[in-house]
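K.L.:
need a 3D model of the following:
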Amino acid sequence: MNLEKEKLSLREAQKLVLLSQRLPGTKATGSSVNATLETIEHLGYVQIDTISVIERAHHHTLYNRNPRYQSSHLDALVADKKVFEYWSHAAAYLPMEEYRFSLPRKLAISTGKQKHWFKQDTAVMQWVLDRIKAEGPLMAKDFDKKGVKHGEWKTAPKKQALENLFMQGDLMISERVNFHKVYDLTERVLPLTVNTTLPTEMEHSHFLVKKYLQTNGLGRLSEMTYLLKNVKGTVAKALDLMLKDGEIQKVQVSKIDYFVLPESLELLNKPLARKKLKILSPFDNLLIQRKRTQEIFGFDYLLECYVPQHKRKHGYFTLPILWNGKLVARMDSKADRKKGILNILQLTLEPDLKKIEEFSSALNKELQAFMKFNNCKSIRLHKTIPSGFKKEFERSYPPLFRV
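P.N.:
As a prediction, the model looks like this:
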């Protein structure tokens, strides 16, 4: 590979992005939980989401990169203080080794330089903090027990106080119980060995650049600062300095300039598991910036759960499908856990999808694993676009489908 290359083809860019994102995932050596930790440390964050029509997004994202992933891994890693919950571009699990880079946001919120979405009521916040200091870890519902005097404060302000204290760094999530957050004092959650020094603005910006490029292959300033406040100027300065020092370089893809780490270009010498198909979460790290997904993969994706039902084109919770190094289809799914059926409400193939027979075989193989991942025993395919694909697919792979 020529490290001085200034242009990448779209196919090369797609390959670089997928290999940097570790998609499709491969079986790693060592314990399965350590493989999960290593995945989180590489990605930098895994977004948490509450939607559970299929297995939740944080589990789904990790499952696609670690074939031995178990949903218990995250609880174990939080308990072992190897990962923690905080905010990336959204609520996420983050590697504890990068804890100090969460401090700039916490400082900005605590000093009022950055606003949180909840209004701060300092009296309620102090009362909540005092209770946790005295009683230990608590959930939001613990502030509404019978016999506990709340004064004039209602439930909502207390929940807001917990989140404000969490966002400004006084509290952390020590665990989740049935997906409900358990809050404790930060000093009781942090391991003694963790680095808690506040990074300088330039140090933080350098981290943001390098982490983004390591995990995404190539990127632009707008992508590296996506949904981050008050960092664009210093990140731009960091990019200039890193470019002058040779730590990063520019490449052009489809007449668009990107930054890349020179060592990342070596990934283009490695094979990509194109035959392996993966059904992705809408909140997968690969997809979270929709404009980027459109520019690099030509995949126009909208999560329609936020769209009124009568306006939906592809379904409530459509899952992009990765195969042959491209995003080639989308699948609206819902797990009926009582009956053990994975419902594929609508499977839509992209118009430019070729090699339909090979795609069908790869989809069948992955659906068997995906069905088990969602604790289902059979699959019901309701509708496909084009419509003729449904009959052909079920005829080719009858054991999977429930009549």
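
K.L.:
show me what the longest strand along the chain is packed up against.
P.N.:
As assigned by DSSP state E, the longest strand anywhere in the chain is strand 326-336. Packing partners of strand 326-336 (3 or more C-beta pairs under 8 Å, 6 or more residues apart in numbering; DSSP states H and E): helix 290-297, strand 318-323, strand 341-349, helix 356-373. Quick note: C-beta positions are derived from backbone N, CA and C, even for glycine.

K.L.:
10 Å - rerun?
P.N.:
Strand 326-336 makes packing contacts with helix 10-21, strand 278-279, helix 290-297, strand 318-323, strand 341-349, helix 356-373, strand 378-381, strand 384-385 when contacts are defined by 3 or more C-beta pairs under 10 Å, 6 or more residues apart in numbering; DSSP states H and E.

K.L.:
just send those back as JSON lines, with mean neighbour count too.
P.N.:
As requested, the helices and strands packed on strand 326-336 are arranged in JSON lines below (neighbours: other C-beta atoms under 10 Å):
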{"stretch": "helix 10-21", "mean neighbour count": "20"}
{"stretch": "strand 278-279", "mean neighbour count": "24"}
{"stretch": "helix 290-297", "mean neighbour count": "17"}
{"stretch": "strand 318-323", "mean neighbour count": "24"}
{"stretch": "strand 341-349", "mean neighbour count": "21"}
{"stretch": "helix 356-373", "mean neighbour count": "17"}
{"stretch": "strand 378-381", "mean neighbour count": "19"}
{"stretch": "strand 384-385", "mean neighbour count": "18"}
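
K.L.:
tabulate those (CSV), appending mean pLDDT.
P.N.:
Shown next, in CSV, are those (pLDDT from 0 to 100):
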stretch, mean pLDDT
helix 10-21, 98
strand 278-279, 98
helix 290-297, 97
strand 318-323, 98
strand 341-349, 97
helix 356-373, 96
strand 378-381, 94
strand 384-385, 97
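
K.L.:
run through the strands of the stretch 1-150 of the chain in chain order.
P.N.:
7-8, 46-47, 83-87, 91-95 (DSSP state E, counting those that start in this stretch).

K.L.:
send me the last one as CSV with only the CA atoms.
P.N.:
Read it as strand 91-95. Extracted C-alpha coordinates of strand 91-95, given in CSV (Å, rounded to 0.1, in the frame of the first residue of the first chain):
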residue,chain,number,x,y,z
ALA,A,91,-26.1,7.9,26.4
ALA,A,92,-23.4,5.3,26.1
TYR,A,93,-21.1,2.8,27.7
LEU,A,94,-17.5,4.1,27.6
PRO,A,95,-14.2,2.5,28.5
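
K.L.:
tell me the strands beside it, with direction?
P.N.:
Neighbouring strands of strand 91-95 in its sheet, by DSSP bridges, are strand 46-47 (antiparallel), strand 83-87 (antiparallel).

K.L.:
domain map for the chain?
P.N.:
Per automatic domain parsing, the structural domains of the chain span 1-21+202-270, 31-198, 278-400.

K.L.:
just the C-alphas of the helix or strand N164 falls within, formatted as PDB.
P.N.:
If you go by DSSP states H and E, N164 is part of helix 155-167. Provided in PDB are the C-alpha atoms of helix 155-167 (Å, rounded to 0.1, in the frame of the first residue of the first chain):
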ATOM      1  CA  THR A 155     -41.100  12.900  41.500                       C
ATOM      2  CA  ALA A 156     -40.000  14.700  38.300                       C
ATOM      3  CA  PRO A 157     -37.700  17.200  39.900                       C
ATOM      4  CA  LYS A 158     -36.000  14.400  41.800                       C
ATOM      5  CA  LYS A 159     -35.300  12.400  38.600                       C
ATOM      6  CA  GLN A 160     -34.000  15.600  37.000                       C
ATOM      7  CA  ALA A 161     -31.800  16.200  40.000                       C
ATOM      8  CA  LEU A 162     -30.300  12.700  39.700                       C
ATOM      9  CA  GLU A 163     -29.600  13.300  36.000                       C
ATOM     10  CA  ASN A 164     -28.100  16.800  36.600                       C
ATOM     11  CA  LEU A 165     -25.800  15.400  39.300                       C
ATOM     12  CA  PHE A 166     -24.900  12.500  37.000                       C
ATOM     13  CA  MET A 167     -24.100  14.800  34.000                       C
END
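
K.L.:
tabulate the CA atom coordinates of stretch 214-233 in CSV.
P.N.:
What follows is stretch 214-233, C-alpha atoms only, in CSV (Å, rounded to 0.1, in the frame of the first residue of the first chain):
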residue,chain,number,x,y,z
GLN,A,214,-8.9,4.9,14.7
THR,A,215,-12.4,3.7,14.9
ASN,A,216,-13.9,5.1,11.7
GLY,A,217,-11.0,4.9,9.2
LEU,A,218,-11.4,8.4,7.8
GLY,A,219,-13.2,11.5,8.8
ARG,A,220,-13.9,15.2,8.5
LEU,A,221,-14.0,18.0,11.1
SER,A,222,-17.8,18.0,11.1
GLU,A,223,-17.9,14.3,11.8
MET,A,224,-15.3,14.3,14.5
THR,A,225,-17.2,17.1,16.4
TYR,A,226,-20.7,15.6,15.7
LEU,A,227,-23.1,16.7,18.5
LEU,A,228,-20.2,17.9,20.6
LYS,A,229,-20.4,21.5,21.9
ASN,A,230,-17.7,24.1,22.0
VAL,A,231,-14.9,22.0,20.6
LYS,A,232,-14.9,22.6,16.8
GLY,A,233,-12.3,25.5,17.0
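
K.L.:
how far is it from where the chain is centred?
P.N.:
15 Å (C-alpha atoms, centre = their mean, to the nearest Å).

K.L.:
equivalent analysis for stretch 185-195, please.
P.N.:
That offset, for stretch 185-195, works out to 24 Å (C-alpha atoms, centre = their mean).

K.L.:
average model confidence for that stretch?
P.N.:
Throughout stretch 185-195, pLDDT has a mean value of 97.

K.L.:
circling back to that earlier point, any idea which of the strands paired with strand 91-95 is most buried?
P.N.:
strand 46-47 (a mean of 24; mean count of other C-beta atoms under 10 Å).

K.L.:
quick check: next helix or strand after the helix holding N164?
P.N.:
Downstream of helix 155-167 (by DSSP H and E), the next one is strand 171-177.

K.L.:
which of the helices and strands packed on strand 326-336 sits closest to Q114?
P.N.:
helix 290-297 (24.1 Å; C-beta to C-beta).
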